[in-house]
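> give me coordinates for this.
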Amino acid sequence: MRTSVCTLLIMAMMLGACGKSDDTMEERLRPVRYVTVSDASAFRDRSFSGTSKSSRESRLSFKVSGTVINVPVQIGQRLNTGHLIAEIDPASYVLQAQQAQASLVEAQANDRRASANYDRTKGLYANSNASLNDLESARAQAESASAVARAASKALEIARLNVSYTKLTAAADCSIASLNVEVNENVASGQQVAIVSCGDAYEVTLDLPESLIGSVEESTPVKVRFGAIPDQEFSGVVSEIAVASVAGSAAFPVVIKIIGSHPSLRSGLAADVTFQFDSAAANGGGFVLPVTAVISDPSGTFVYVAEPGELAGEGLVRRRAVTLGELSQSGIEIREGLQVGDRVVTAGISVIRDGQRVLVPASD
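Numbers count the residues shown, from 1 in each chain. Presented below is the predicted three-dimensional model:
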């Protein structure tokens, strides 16, 4: 009798355990996050990285060589027209100007003397007291002396310009974007000394892949965001498109003109530029997914799609092979393997398997 009671008790415990196990399995259906593939119009946006710069950016250099003796500005400093940026030692150029001045004075004296001699010889020739050869010789000397005087005047002008070239000044109201020299440094003619940004207009330069460059034209509208200005989105338009790709790549430089201004805008800021392409530009209606939704292994590249389950709120995970397109900041392009309406799992794909039942919320 005692054995029968024990047997019944054990059977009851087993049945209870089985029921609890089923409930636990039901409760342990893993919830998944997903995105629903909609029509291609929802996936036209493509973002690319670029760098801002002033639309009036100038690289300044000295026209003469020398030793830098003064750099009275700092990076970021606002300058007015005529503000001194840098100066090289003018001593040697001042001496050259003084020497040119002395040469001019001597040349002018010789010019006057030769001219007076020519006038006197003309009078003598008119009275038959000088020969034709004397007249021609005097005229040649006068013309030569006059030419030397003109050349000496030009040499003095050049020497004075060289003295003025020892000071590098701002040609317009601007700000210092970069400084490349220091005091006591020897600089050559044409060597970059500073970069200045003038005005409040800015632009962004970036590279577009060859698969999309044909879908962009001047005045194409874009949206621009800067990491340094997170609270504002700027409008922009394509202002320049390169006709040749960057050497060693299949990317084409594009310039975006920023519409509007902001006190924090300056050269060198990292920018995200968003274009909106039609389905043709998206390679026949391709879709863009988060990179985390894609898995690659020796058998290929695939995603997990949550197909409708038998009960509401449930789904059945199916592995789906896909063909990848280009990688961008907005995600990875899926060219083949998906269709409108597919629910692609985007999180937790490393712990799910093909054919697994999962909990699928009504929306994500």
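> where do the helices sit along the stretch 101-250 of the chain?
Along the stretch 101-250 of the chain, counting by DSSP state H, counting those that start in this stretch, helices occupy 132-164, 210-213.
> if I look at T121, how far off is A188?
51 Å (C-beta to C-beta, to the nearest Å). All C-beta atoms are positioned from the backbone trio N, CA, C, and that covers glycine.
> these two: which is more packed in?
T121 (21 against 10; other C-beta atoms under 10 Å).
> stretch 261-273: which residues count as buried?
In terms of neighbour count (16 or more other C-beta atoms under 10 Å), stretch 261-273 has its buried residues at 265-267, 269, 271-273.
> mind giving me the domain ranges of this protein?
Using automatic domain parsing, the domain parsing of the chain gives 29-44+285-359, 46-55+200-276, 58-88+171-197, 91-164.
> how about those domains in CSV, adding mean pLDDT?
Below are the domains of the chain laid out as CSV (pLDDT from 0 to 100):
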stretch, mean pLDDT
domain 29-44+285-359, 79
domain 46-55+200-276, 88
domain 58-88+171-197, 93
domain 91-164, 94
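> I334: how many residues sit nearby?
I334, neighbours per other C-beta under 10 Å, totals 24.
> closest to R30 out of the buried residues of stretch 261-273?
D272 (33.9 Å; C-beta to C-beta).
> just want the phi and psi numbers for that closest one.
Dihedral pair for D272: phi -110, psi 120, per degrees, to the nearest 10.
> residues contacting stretch 292-311, please?
32, 34-35, 289, 315-324, 332, 334, 337-338, 342-347, 349-350, 352, 354, 357-358, 360 (C-beta atoms under 8 Å, 6 or more residues apart in numbering).
> list only buried entries from those.
Neighbour counting with 16+ other C-beta under 10 Å marks 32, 34-35, 289, 315-320, 322, 324, 332, 334, 337-338, 342-346, 349, 352, 357-358, 360 as buried within these.
> out of those residues, name the ones that lie in strands.
When DSSP state E is applied, the buried ones among the contacts of stretch 292-311 are split such that 34-35, 289, 315-320, 324, 332, 334, 343-346, 357-358 fall in strands.
> name the nearest residue to G325, sequence neighbours excluded.
Closest residue to G325 apart from its sequence neighbours, by C-beta to C-beta, 6 or more residues apart in numbering: E333 at 3.0 Å.
> quickly list what the one you found is bridged to.
Note on E333: beta-bridge partners V288, judged by DSSP bridges.
> and the gap between it and L324?
Using C-beta to C-beta, E333 is found at 7 Å from L324.
> do R30 as well
Noted for R30: a distance of 26 Å to L324, by C-beta to C-beta.
> next, the contact list for S146, please.
Contacts of S146 (C-beta under 8 Å, 6+ apart): 111, 114-115.
> if you set the cut-off to 7 Å instead, what comes out?
Contacts for S146 (C-beta atoms under 7 Å, 6 or more residues apart in numbering) come out as D111.
> same question, the one 3 residues further on
Listed by C-beta under 7 Å, 6+ apart, the contact partners of A149 are 107-108, 111.
> which members of the residues you listed are positioned in strands?
Applying DSSP E to the contacts of A149, no entry is found in strands.
> quick check, nearest of those to S58?
Comparing the contacts of A149 against S58 with C-beta to C-beta places A107 closest, at 38.7 Å.
> about what we covered before: TSV for the buried residues of stretch 261-273, including secondary structure and distance to N184?
Compiled in TSV, the buried residues of stretch 261-273 are given as follows (DSSP: H, G, I helix; E, B strand; the rest coil; distance: C-beta to C-beta, whole Å):
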residue	secondary structure	distance to N184
L265	coil	35
R266	coil	29
S267	coil	28
L269	coil	33
A271	strand	38
D272	strand	42
V273	strand	42
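> now those in JSON lines, please, with extra columns for distance to A155.
JSON lines is the format used below for the buried residues of stretch 261-273 (distance: C-beta to C-beta, whole Å):
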{"residue": "L265", "distance to A155": "47"}
{"residue": "R266", "distance to A155": "44"}
{"residue": "S267", "distance to A155": "41"}
{"residue": "L269", "distance to A155": "48"}
{"residue": "A271", "distance to A155": "51"}
{"residue": "D272", "distance to A155": "56"}
{"residue": "V273", "distance to A155": "53"}
